[in-house]
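> Okay, sequence plus prediction incoming.
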Amino acid sequence: NPGQTKALYRVSGLAAVCEEEGITAYTGCESVQRPVPDGRVVHQFELLRPVAEADLIIDLPKFKTHVMTGMTGACKNLFGVIPGLQKAEWHMRFPDKGRFGDMLIDLLETVQPAFAVVDAVVGMDGDGPAGGRPHPVGLLLGGEDLPSLDLAAAALMGLDPMAVPYLEA
């Protein structure tokens, strides 16, 4: 909800950056339906309105491990465009890692980011997304082909890409 979003922006420091730069951060929770005509497992997503209406999407993920998907990279980060509590619904709908990976590919093909920059200056290893340990990596990774970018990130993490459900998909 907007109150929680504002609190997260404040705690993360994003509110201060926006204020300093004269930028208004989106705190609404409006969403729109987007069809997925050729979806593997999904026929429609509900996306946050600014994402659905954007002319260009640049994905800015953090370099980190994830307990369900092995890692969070450019593709998995797109799960953030799903409104709040609906994320839990998608996890319940696709508890199988392979089908969850297929869903993430459907989401990637629906959102179609133009570019991603993975912040790997300090990554995280362990049981992410909430748990884990900071791990200095010292890199920024970028590219237009998000699955290829995540393949490179998986290699840097020492992960078998076939163990990452969305990369396998």
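Yes, it's here.

> Spit out the contact partners of Phe100.
Residues in contact with Phe100, defined by CB atoms under 8 Å, 6 or more residues apart in numbering, are 68-69, 90-91, 94, 165-166. C-beta here means a position set from N, CA and C on the backbone, and glycine is covered the same way.

> Same check on Arg34?
44-47, 52, 110.

> ok, now with 6 Å
When the contact criterion is CB atoms under 6 Å, 6 or more residues apart in numbering, the partners of Arg34 are 45, 47, 52, 110.

> For Leu149, see how far away Tyr26 is.
Here the criterion is CB to CB, to the nearest Å. By it, Tyr26 lies 25 Å from Leu149.

> With Arg93 instead?
26 Å.

> Cys18 now?
Using CB to CB, we find Cys18 at a distance of 27 Å from Leu149.

> Among these two, which residue is more densely surrounded?
Using other CB atoms under 10 Å, the more surrounded residue of Cys18 and Leu149 is Leu149, with 22 against 14.

> Wait, that one touches Cys75, no?
No: with contact defined as CB atoms under 6 Å, Leu149 does not reach Cys75; the gap is 8.4 Å.

> On the three-state scheme, the spatially most central residue of the chain is what?
The C-alpha lying nearest the average C-alpha coordinate of the chain belongs to Asn77 (CA atoms, centre = their mean; 1.0 Å). Under DSSP: H, G, I helix; E, B strand; the rest coil, Asn77 falls in the helix class.

> all helices of the chain, in order?
2-12, 14-21, 49-53, 74-77, 86-93, 97-111, 146-157, 165-168 (DSSP state H).

> Just want the angle from the fifth one to helix 97-111.
For helix 86-93 against helix 97-111, the angle between stretch directions is 140 degrees (axes from the mean of the first three to the mean of the last three CA atoms, to 10 degrees).
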